[in-house]
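K.L.:
with the input below, show me the fold.
(chains A and B)
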Amino acid sequence: MTIKILPEALAAQIAAGEVIERPASVVKELIENAIDAGASEIRVEMRDGGKRLLRVSDNGSGIPSGEVELAFSHHATSKLNSVDDLFRITTLGFRGEALPSIAAVSQLAMLTRSADEPAGVELRLHGGRVTQREAHAAPRGTVITVENLFYNVPARLKFMKSSGSESGHINELVSRYALAYPAIRFSLTSESRLVFQSPGSGSMADVLVAVYGADTARQMVEVSAERSDAGEPGGQGRATAAVYGYLSNPALNRANRAHMVFFVNGRLVQDRSLTFSVVEAYHTLLQVGRFPLCVLKVSVPADEVDVNVHPSKAEVKFRHPGFVPIPALSLPDGADRQGEAPRLSFGQLGLEVQRTAAPLSPPDADDRLHGREWLYPPADSAPESGTSRPDVPPDERDAPLPILRVLGQVARTYIIAEGPEGIFLIDQHAAHERILYEKFRRERQALGASAQSLLEPLAVDLTPRQAVRLADRMAVFTEVGFQIEPFGGATYLLRAVPSIMAGSDPRQSFLTILDELAEEDEGRRVEHGGVIVADLTADGTESTADPLRQRREAMLIASVCKQAAIKAGRVLSLPEMQELIGQLEQSQSPRTCPHGRPTMVKLGLDQLAREFGRR
Amino acid sequence: MKVSCLQENLHKGLGLVARAVASRSTLPVLNNILIATDQGRLKLAATDLTIGITTWIGAQIEEEGATTVPSKLLGEFVNSLPPEKIDMQLNVRTQTLNLKCSRFESNIKGMDAQEFPPIPTAGPENKLKLDPDTLRAIISQVAFAAAADESRPVLTGVLAKFDDGKITLAAADGFRLSVRTGTVSEGKAGVTAIIIPARALIELSRMIGDEEEPIEVTITKNRNQAVFHTSSTELVTQLVEGNYPDVLSLVPKSHNTRTVVGTVDFVKAVKLASFFARDASNIIRMTIEPGTDLAPGRMIVRAESQEVGDQVGEIDATVDGPAIEVAFNAKYLSEMLAVVDAAQVAIETNAPEKPGVFKMVGSDEFVHVIMPMHVNR
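P.N.:
Residues are numbered from 1 along each chain as shown, chains lettered A, B, ... in the order given. Just a heads-up that it's a prediction; the model follows:
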């Protein structure tokens, strides 16, 4: 084997492979170029999922005719001048890799005219080599047409997914950029049919309607937060970090994280710590395995974030992990129950994100749909025109409960109740857990956690693992109302328990809680790979605003309430059941228990009618 | 079997024994009441295998025999009959009990008396006698403090200690302790301490409701049973096995502050506060302030709830010692006060995190200890 320098064409293909994986990557690079060029309108066209043709047109600054060829050589960019600039990147692109990479693996044509030139240039390239160049009449801006992507890279071609799947990716990408840049009019055409268009009105709410439809958009709530350096040494009260966007009402959720969209300084990123933080913010409001929808734009000073982590720029690194506002735990205490949404408090920043606006109100959204402003087909017609965005009808998980009439109990575990639209089966244990949990949290906030001392301290022997778990959380245990003292070796003395637990065997409950917390730890590690946990613990563990600690406290309270709640298998009298349901109706989130399991199953009248063949 | 008795007597007897009928038993015969002729009287008995109640009623016996019939049906049926003579006749082959009363006649299907578990009766062991009023008072002042939760079986029982002509009952559920001492009228127990299920004592207390004769107690240590015998009724209970924690040593020996308040005032204040405590972990705070030369001592009873509101009550108190604030569970306070049988209650405290001791003024037979609550702010 001899070592040799790769031919230029091959090297270009390899480099392209890092950036250009699939048609959607081309679209991403070209859209980012268009945004950097200051376009106010970006049109994307595709054929055959972008495999046959992709065209991105913008009305941005265009490229002066003298620099057109230069744009296609490697490391050619207008966006960066020195190494220092690399660490305060304000444009989306900077590597000077996108155009040559795309050109290397496709047949590309670029038509561009800069504002101060009378005529534009059309340049054609095959596999990265210029085949044609001529002066051409053109509107201001740039039109790049990419045909037969990967025609010269059979290996890539083989791994391309079906046209439907690729067009789904492109659709998703375009709509996400439309959300992040509401002031830019985006449109997406597939096989000559318009599948998506954003109004370019500058309002993210309008884009949400276009992307998700009015029903879903209505359940999203605007949030914003800012961090200023006023409280820091040398600060001048300038904003140093800001978050703006929309979060879904807990009732609106999906089975995966695909609808959690984050932009950091205008760049679409996938960041696990951000995803994790938002999921945490919904803690206990969502069932396990359900995820919220969100679109959050994070702005931080350019030197606080390194985007040059990966060629595709989908990942970023924060210089100070704690710098980005991490949404902390949020039970919507006192939030009005109509369209209730989590209020995020950005714990590490000491910031509170307030709801800056009511949820999109139905008349508003409807007006826009049918009103004059909208010059393009309403977004609701989008699904019919072939987009791959199935709009799951929002379930009602967090809507207030209707008044229920208790009918009886099944299997000493479920309460049957009648509501206006059907019958409800309610898990008595889960429902009581929810009631106690909210009561405990309210009391804890208002008056502090109340503890009941034990007549005689109970000696509890812990396994080494249990002891470690307890040591980790001793402060939280104490805060919730436990009074525990080490008594030498593996023995601990239980002197007081939260008063809510006074009805059950303190020793057994205590041990059960410790074991349950183990499951929590392990579940976390599996899901988040332990990385984020470390990130979170690294910073300010002992402050009360610490999200990990808050989370631990919430988990502990949930476990305590689980112990205190009436168990399945207990016979309840009618008044007892009525009381329970009455309290559940008052709960903020009556439909899930604090561990995220459902408290009730609804059997709708429609369904009954169907089952009985009445319709 | 062929017997006649008065509706009144049968109704009363059935009411007594029905308390021992198993409510949900896998053994069908335990849902029944045993009816048998016994030495010129009619014996009624029921058991759930933990306790058994047997009573004897006067009856005219023409033919000996025994059977068991469903308790609920027989009880409700007899209850509704007119107060006249009831004639009962058993068809042994079909185990059907024929009842005639006035112009009503019915047949109730029963089960063979052979299937009914034998209920032990008192043997020739040591007997001791207790005054029924004393026994009732002791039970009512102690049994409620036993644990309802089955996780520590010993604590669902009541400790009974016998010592030199005295009986001491104690019960604790982990958060409070109730102790009451009484005098044994006559006899010896032959044992020093037993654990009686609280439920058996409560049934016993109900059973001896209007009894005037002394109650005879027999403890058969080897069978681990206790038998309580009144003139016409007998209650047998299994004793709880195990060692009762040494709760008597948990009663604080000394105190810093002793506060004496009127029971009626205290009950009122706790009751009013408990409405507000319901939504706040049941916490009632008591602020005790000693009197000065100008003003008498007082105790302020307080409850506050974030949601409902708050309430403050003030009662006069004779305070001996420094001021103190201590918090207790409203439930424990009101349950304790419900059994206090004196005009004044003494509260002995040491510190907010130390147990509170409640006594009846003028009697040292009753001691109640309640563990305080505290709030982590």
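K.L.:
relative to the whole chain's centre, how far out is stretch A:282-292?
P.N.:
With C-alpha atoms, centre = their mean, to the nearest Å as the basis, stretch A:282-292 stands 12 Å off its chain's centre.
K.L.:
whoops, I mixed them up, stretch B:329-340
P.N.:
Counting by C-alpha atoms, centre = their mean, stretch B:329-340 comes out at 16 Å from the chain centroid.
K.L.:
which residues sit against it?
P.N.:
By C-beta atoms under 8 Å, 6 or more residues apart in numbering or on different chains, the residues outside stretch B:329-340 that reach it are A:452, A:499, A:502, B:140-141, B:144-145, B:175-176, B:178, B:263, B:266-267, B:270-271, B:273-274, B:277-278, B:282-284, B:303, B:345, B:358, B:360, B:366, B:368, B:370, B:373. C-beta: built from backbone N, CA, C; applies to glycine.
K.L.:
in strands, which of those residues fall?
P.N.:
A:452, B:176, B:178, B:283-284, B:303, B:345, B:358, B:360, B:366, B:368, B:370, B:373 (DSSP state E).
K.L.:
which residues touch B:N98?
P.N.:
B:N98 makes contact with B:M88, B:Q89, B:L90, B:N91, B:E105, B:S106, B:N107, according to C-beta under 8 Å, 6+ apart.
K.L.:
gap between A:E67 and A:A76?
P.N.:
8 Å (C-beta to C-beta, to the nearest Å).
K.L.:
and the pLDDT for A:F87?
P.N.:
Here, the pLDDT recorded for A:F87 equals 61.
K.L.:
what mean pLDDT does stretch B:75-90 have?
P.N.:
Stretch B:75-90 carries an average pLDDT of 92.
K.L.:
try stretch B:310-317
P.N.:
Rounded mean pLDDT across stretch B:310-317 is 93.
K.L.:
got it, and stretch B:340-350?
P.N.:
94.
K.L.:
list the buried residues in stretch A:452-467.
P.N.:
Going by neighbour count (16 or more other C-beta atoms under 10 Å in any protein chain shown), the buried part of stretch A:452-467 is A:Q452, A:S453, A:L454, A:L455, A:E456, A:P457, A:L458, A:V460, A:L462, A:Q466, A:A467.
K.L.:
so what's the residue count around the nearest residue to the first one once chain neighbours are set aside?
P.N.:
The reference is to A:Q452. Excluding the flanking residues, the one nearest A:Q452 by C-beta to C-beta, 6 or more residues apart in numbering or on different chains is A:S499, at 4.3 Å. A:S499 has 26 neighbouring residues, counting by other C-beta atoms under 10 Å in any protein chain shown.
K.L.:
what packs against the one helix or strand B:I35 maps to?
P.N.:
Applying DSSP states H and E as the criterion places B:I35 in strand B:32-38. Here strand B:32-38 touches helix B:7-18, strand B:41-47, strand B:66-70, helix B:71-80, going by 3 or more C-beta pairs under 8 Å, 6 or more residues apart in numbering or on different chains; DSSP states H and E.
K.L.:
now the chain, which segments are flagged as low pLDDT?
P.N.:
Defaulting to chain A. Scanning chain A for pLDDT under 70 picks out the ranges A:79-90, A:93-95, A:227-240, A:283-284, A:308, A:310-313, A:320-399, A:519-547.
K.L.:
ah, no, chain B please
P.N.:
Within chain B, the segments meeting pLDDT under 70 span B:377.
K.L.:
and the helices in it?
P.N.:
B:7-18, B:71-80, B:132-142, B:198-207, B:263-277, B:330-339 (DSSP state H).
K.L.:
now render those as TSV, adding mean neighbour count.
P.N.:
Converted to TSV, those look like this (neighbours: other C-beta atoms under 10 Å in any protein chain shown):
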stretch	mean neighbour count
helix B:7-18	20
helix B:71-80	16
helix B:132-142	21
helix B:198-207	21
helix B:263-277	19
helix B:330-339	20
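K.L.:
reformat those helices into CSV and put distance to A:Q287 next to each item.
P.N.:
As requested, the helices of chain B are exported to CSV (distance: least, C-beta to C-beta, whole Å):
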stretch, distance to A:Q287
helix B:7-18, 48
helix B:71-80, 45
helix B:132-142, 48
helix B:198-207, 42
helix B:263-277, 35
helix B:330-339, 35
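K.L.:
so what's the backbone phi/psi at the residue of the stretch 501-615 of chain A found nearest chain B?
P.N.:
Proximity of the stretch 501-615 of chain A to chain B (C-beta to the nearest C-beta) peaks at A:D505, 3.3 Å away. Dihedral angles phi and psi of A:D505 (degrees, to the nearest 10) take the values phi -70, psi 110.
K.L.:
got it, and the one 3 residues further on?
P.N.:
Backbone dihedrals for A:Q508, given as degrees, to the nearest 10, come out at phi -60, psi -40.
K.L.:
what number of residues lie near the closest residue to it other than its chain neighbours?
P.N.:
Distances taken as C-beta to C-beta, 6+ apart put B:S151 closest to A:Q508, at 5.6 Å, once the chain neighbours are dropped. For B:S151, the count of nearby residues is 14 (other C-beta under 10 Å).
K.L.:
which residues touch the residue of the stretch 501-615 of chain A closest to chain B?
P.N.:
B:D149, B:S151, B:R152.
K.L.:
again, 6 Å this time
P.N.:
Shown in contact with A:D505 (C-beta atoms under 6 Å, 6 or more residues apart in numbering or on different chains): B:D149, B:S151.
K.L.:
separation between it and B:A148?
P.N.:
11 Å.
K.L.:
got it, and A:E222?
P.N.:
Going from A:E222 to B:A148 by C-beta to C-beta gives 51 Å.
K.L.:
likewise A:N171?
P.N.:
Distance, A:N171 to B:A148, by C-beta to C-beta: 61 Å.
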